[in-house]
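1. I need the structure of the sequence given here:
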Amino acid sequence: MLAALAHLGPLLAQTASFKAPHLDYYALLPEIVLTGVIVLILLLDLVTDEPNKIIVTNLAGVGVLATLVPIVLLATYHHHPRSMLGGAYVVDNFALLLKGLFLATGYVVLLMGANYIEEGDYYEGEFSFLLLSSLLGMVVMASARDLITIFVALELLSIPAYMLAGWRKRDLKSNEASLKYYLLGVLSSAIMLYGMSLIFGATGTTVLAGISETLSASAKVTPLATIGIFFIIVGFAFKVSAVPFHSWAPDTYEGAPTPVTAFLSVGSKTAGFVALFQLIYVGFIHQNRVWGPLFWVLAALTMTVGNLVALRQTNIVRMLAYSSIAQAGYILVPFAVVGSNGKAIAEAQTASMVYLMIYAAMNLGAFAIVIAVARRTRSGEISSYAGLFSYAPGLTVLMTVFLFALAGIPPLGGWFAKFLIFQSALSAGTPAAIVLAVIAGVNSVIALFYYSAIAKEMWMNPVPEGESIAPIRVPASLGAALGITAVVVVAIGVVPQVFARLGDLARIH
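-> Residues are numbered from 1 along each chain as shown. Sure thing, here's the model as predicted:
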């Protein structure tokens, strides 16, 4: 008893001297506002009857726009990075741009899903709650500079996404999509967490800046750190649907409701790339001999397999799923060729960042068209788009814009994204980088075949016999989503310097 009391004094003194970690609440304002909106949605959903659930979705959209306000203020009036928790959480230009991209993606998806109710299987309140919860994880991911914070953010964005994928509760395909996504997601998280534990064992810290300092101080990378880096990249390769870790994507995209598919193909994939940005460019930048060859193989396989399999698809959602896989391969190209040269690192970051912004607009727009057309055809088959121009010329023109933007045809935004990718590869100047640029060029030509095949179906083929040619009514919210994405795709192609400047300003350090 006396011995215990003797030890109690120093313990109380240590507790009294403990200081709570410094939190910059102004820098955390986007997260605080979004969390408040999530709580309000949860409470409103409890007291709103089913016919009026659209109010919940409208509140979610207003909440997302409100969350953008502090991001704009931080970007406009505070140009210096704001760091918390010993460098584990940083609010800088990189984080602010990505937070804005995530929130813009979430807003467009809310517009796409506002009228997407299928025979009582789709509930507006729960959809908005889960979508915004996943968005909160993405917003946190943009500022995470610590292995633990990255993992927590990843789980926060992934768990609601697993539930959203199985939203059509009475549909076996939707159930299969959710289960496959969940099981492979858990497996990839376990692999990633094991890799993170190895990095912590090798460096003694979880903060990325500390990891970089420790690893760069060593004469060579230890086998423990090498294996850890490998496992972490493999775990995130699943999140970005890189080949051969892509098997979940086509079935999940086809089985999930189309707004959820759009969200997964853009938001979830972008979050995976954001984590890779932070890990590679902050934590492992000096270990390019470890991750460089791995990214080279992933980029080449992902582009090639995604495009070749997309050629054989007859369902437009599965085609867009494999197109999304191929697009991930293009985004991986700068990671593969970055090396350790300062100029190459800067160009690689700009290329991948701009591609993510342009890809979000192109892909969301294409999925919005799929939702609009499916309202009449009730089919996802590419053959159901035959003769679309004869009764929906506006949708046909917009779909053509999005498809040729994805293919990289000027003057649409996709050409600039691919231009920066090729520029980063050629600037690296190594034989491996030049070979990868050639592979990317060949794949761009392959992709044009299946994109143009859909355009041919819409513009040149006749409407199937017996099919109705009544005009397609596009709800106002879906029309707004189409307008936003189309304007961004065209604007980037016409004035690409503005978006290149955003990519330059948002380089991570």
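
2. tell me which residues in stretch 61-78 are buried?
-> Using 16 or more other Cβ atoms under 10 Å as the test for burial, stretch 61-78 gives 61, 63-64, 67-68, 70-71, 74-75. For glycine as for every other residue, the C-beta is placed from the backbone atoms N, C-alpha and C.

3. can you list the weak-confidence ranges in the stretch 51-200 of the chain?
-> 51, 78-79, 115-124 (pLDDT under 70).

4. what about V282, how many residues nearby?
-> By other Cβ atoms under 10 Å, the residues close to V282 number 19.

5. so it is in contact with I508, correct?
-> Yes - at 6.3 Å, V282 and I508 qualify as touching, with contact defined as Cβ atoms under 8 Å.

6. go through stretch 290-301 and flag the buried ones.
-> 290-292, 294-296, 298-301.

7. state the next helix or strand along the chain beyond the worst-scoring helix or strand of the chain on mean pLDDT.
-> Counting by mean pLDDT, DSSP states H and E, the weakest-scoring helix or strand in the chain turns out to be helix 2-16, with a mean of 44. Where DSSP states H and E defines the elements, the next helix or strand beyond helix 2-16 is helix 29-47.

8. what mean pLDDT would you report for that following helix?
-> For helix 29-47, mean pLDDT rounds to 90.

9. equivalent analysis for stretch 430-442, please.
-> pLDDT averaged over stretch 430-442 gives 89.

10. identify the residues contacting that stretch?
-> With contact meaning Cβ atoms under 8 Å, 6 or more residues apart in numbering, stretch 430-442 is reached by 296, 299-300, 303-304, 329-330, 333, 336-337, 339, 418, 421-422, 425-426.

11. how about stretch 374-394?
-> By Cβ under 8 Å, 6+ apart, the list of residues contacting stretch 374-394 from outside reads 254, 258, 313-317, 319, 370, 372-373, 395-396, 399, 453-454, 457-459, 461-464, 467-473.

12. now with 7 Å?
-> Outside stretch 374-394, the residues that touch it by Cβ atoms under 7 Å, 6 or more residues apart in numbering are 258, 314-317, 319, 373, 395-396, 454, 457-459, 461-464, 469-472.

13. ChimeraX command for the buried members of the residues you listed?
-> Here is the ChimeraX command that selects the buried residues among the contacts of stretch 374-394 (16+ other Cβ under 10 Å):
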select :258,315,316,317,319,373,395,396,454,457,458,459,463,472
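
14. and the strands in this protein?
-> For the chain, applying DSSP state E gives strands covering 82-84, 89-91.

15. just name the most buried of the ones you listed.
-> Mean neighbours per residue, mean count of other Cβ atoms under 10 Å, is largest over these for strand 89-91, with a mean of 24.

16. same for that one, what does it pack against?
-> With contacts defined as 3 or more Cβ pairs under 7 Å, 6 or more residues apart in numbering; DSSP states H and E, strand 89-91 has these neighbours: helix 124-143.

17. rerun that using 8 Å as the cut-off
-> Where contact means 3 or more Cβ pairs under 8 Å, 6 or more residues apart in numbering; DSSP states H and E, strand 89-91 is packed against strand 82-84, helix 124-143.

18. quick one: closest of the strands of the chain to V445.
-> Of all the strands of the chain, strand 89-91 sits nearest to V445, with 40.6 Å by Cβ to Cβ.

19. closest one to M362 among the helices and strands packed on strand 89-91?
-> helix 124-143 (19.0 Å).

20. kindly format the C-alpha coordinates of that closest one as CSV.
-> Provided in CSV are the C-alpha atoms of helix 124-143 (Å, rounded to 0.1, in the frame of the first residue of the first chain):
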residue,chain,number,x,y,z
GLU,A,124,-32.3,8.9,-49.7
GLY,A,125,-31.4,9.6,-46.0
GLU,A,126,-29.2,6.6,-45.5
PHE,A,127,-27.6,7.1,-48.9
SER,A,128,-26.7,10.7,-48.0
PHE,A,129,-25.4,9.8,-44.6
LEU,A,130,-23.1,7.0,-45.9
LEU,A,131,-21.9,9.1,-48.8
LEU,A,132,-21.0,12.0,-46.6
SER,A,133,-19.3,9.7,-44.1
SER,A,134,-17.1,8.3,-46.8
LEU,A,135,-16.4,11.9,-48.0
LEU,A,136,-15.3,12.8,-44.5
GLY,A,137,-12.7,10.0,-44.7
MET,A,138,-11.5,11.3,-48.0
VAL,A,139,-11.2,14.9,-46.6
VAL,A,140,-9.1,13.5,-43.7
MET,A,141,-7.0,11.5,-46.1
ALA,A,142,-6.0,14.7,-48.0
SER,A,143,-4.3,16.0,-44.8
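
21. which elements pack onto it?
-> Applying 3+ Cβ pairs under 8 Å, 6+ apart, we find helix 124-143 packed against helix 29-47, helix 54-77, strand 89-91, helix 93-113, helix 147-165, helix 269-278.

22. now what about the longest one, what contacts it?
-> Here helix 54-77 makes contact (Cβ under 8 Å, 6+ apart) with 26-27, 29-30, 33-34, 36-38, 40-41, 44-45, 48, 91, 93, 96-97, 99-100, 103-104, 106-107, 110-111, 113-114, 124-125, 127-128, 131-132, 135, 139.

23. remind me, longest helix of the chain?
-> helix 342-377 (DSSP state H).

24. mind listing what's buried in that helix?
-> 344-374, 376-377.

25. same thing with stretch 385-397?
-> Within stretch 385-397, the residues scored as buried using 16+ other Cβ under 10 Å are 385-389, 391-392, 395-396.

26. which of the residues you listed fall in helices?
-> When DSSP H is applied, the buried residues of stretch 385-397 are split such that 388-389, 391, 395-396 fall in helices.

27. is it possible to export those to a markdown table including pLDDT?
-> A markdown table is the format used below for those (pLDDT from 0 to 100):
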| residue | pLDDT |
| --- | --- |
| L388 | 84 |
| F389 | 85 |
| Y391 | 83 |
| L395 | 90 |
| T396 | 90 |
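
28. now, which of those residues sits nearest T206?
-> Nearest member of these to T206, counting by Cβ to Cβ, is L395, at 48.8 Å.

29. V337 - how many residues pack around it?
-> Residues near V337, counting by other Cβ under 10 Å, number 30.

30. and if you look at I38?
-> 20.

31. surely it and S133 touch.
-> Yes - using Cβ under 8 Å, I38 is in contact with S133, at 6.0 Å.

32. give me the common contacts of those two.
-> Counting by Cβ under 8 Å, 6+ apart, nothing touches both I38 and S133.

33. where does pLDDT dip in the stretch 251-400 of the chain?
-> Filtered on pLDDT under 70, the stretch 251-400 of the chain yields the residue ranges 339-343.

34. got the residue ranges for the helices in the stretch 201-350 of the chain?
-> Ranges of helices in the stretch 201-350 of the chain, per DSSP state H, counting those that start in this stretch, are 208-217, 223-239, 248-255, 258-263, 269-278, 288-310, 316-337, 342-377.
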